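**Q** Predicted model and sequence below, questions to follow.
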Amino acid sequence: NAGVTQTPKFQVLKTGQSMTLQCAQDMNHNSMYWYRQDPGMGLRLIYYSASEGTTDKGEVPNGYNVSRLNKREFSLRLESAAPSQTSVYFCASTERGFPYEQYFGPGTRLTVT
Amino acid sequence: AQKITQTQPGMFVQEKEAVTLDCTYDTSDQSYGLFWYKQPSSGEMIFLIYQGSYDEQNATEGRYSLNFQKARKSANLVISASQLGDSAMYFCAMREAGNQFYFGTGTSLTVIP
């Protein structure tokens, strides 16, 4: 039981390059999330998917797209990376309702030069 | 307005002493959940404790307890008998009736031997 997995763990991109961050969970959770973490700013929600087939914007969606490929997988795409997207990205999943907490992946450290 | 406010960017505590990390929240929902997560220097997010808005008793999990004051909209984390391994970032989070979680900016706790 791996929980939430993310690939890659580290990535360096040049400005303008594109890439996809992959996330998968094996807990049969309905809801999945993408966050970015920057120093002093906590975790900010980029996009989330309440259930398979749905996605919604969070607090900071600009410059990102997502795909809920199936119940297990939720990917985050940067179409044209910018230095402002240098951050640590976390994927999380949870079941709907209370008292369910989020389970987090190990994070992806992305640097855009 | 911020949904979650953590006003202590950094805290120090002597080993074996208790420490309180502050968290206030803002919601007009009657039904919500409050969570605390720990993030050690290794980067993973670890769930610590949950408090539901209708729970009459404060939540406890081992050395962690949540001091829930609903009228004041505060959900402070109390760590008793601090250990060196408690040195980490601590995040308060809230889940409303929808699927979004809101995180504070975190408190960095350092335990002094």
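**A** Cool, the structure landed. Quantities reported herein were computed from a predicted structural model and do not represent experimental measurements.
**Q** which other helices and strands contact the least confident helix or strand in chain B by mean pLDDT?
**A** The helix or strand of chain B with the lowest confidence, counting by mean pLDDT, DSSP states H and E, is strand B:101-103 at a mean of 93. Under the contact criterion of 3 or more CB pairs under 8 Å, 6 or more residues apart in numbering or on different chains; DSSP states H and E, strand B:101-103 touches strand A:43-49, strand B:88-95. Placement of C-beta: from N, CA and C, glycine included.
**Q** I'd like these as a markdown table, with distance to A:Ala82 appended.
**A** Converted to a markdown table, the helices and strands packed on strand B:101-103 look like this (distance: least, CB to CB, whole Å):
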| stretch | distance to A:Ala82 |
| --- | --- |
| strand A:43-49 | 14 |
| strand B:88-95 | 26 |
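**Q** Highest mean neighbour count out of those strands?
**A** Most buried of the helices and strands packed on strand B:101-103, by mean neighbour count (mean count of other CB atoms under 10 Å in any protein chain shown): strand B:88-95, with a mean of 24.
**Q** now chain A, which segments are flagged as low pLDDT?
**A** For chain A, the stretches flagged by pLDDT under 70 are A:1.
**Q** interface residues of it facing chain B?
**A** A:31, A:33, A:35, A:40-45, A:48, A:50, A:58, A:88, A:90, A:92, A:94, A:96, A:98-99, A:101-104, A:106-107 (CB under 8 Å from any CB of the partner chain).
**Q** on that earlier part again, so which of the helices and strands packed on strand B:101-103 gets nearest B:Ser108?
**A** Among those, strand B:88-95 comes nearest to B:Ser108, with 5.3 Å by CB to CB.
**Q** how far out from the middle of the chain is the closest one?
**A** Averaging C-alpha positions (CA atoms, centre = their mean, to the nearest Å) puts strand B:88-95 5 Å from its chain's average.
**Q** Repeat that for stretch A:27-41.
**A** Taking mean C-alpha positions (CA atoms, centre = their mean), stretch A:27-41 and its chain are 6 Å apart.
**Q** Alright, that wraps it up for me.
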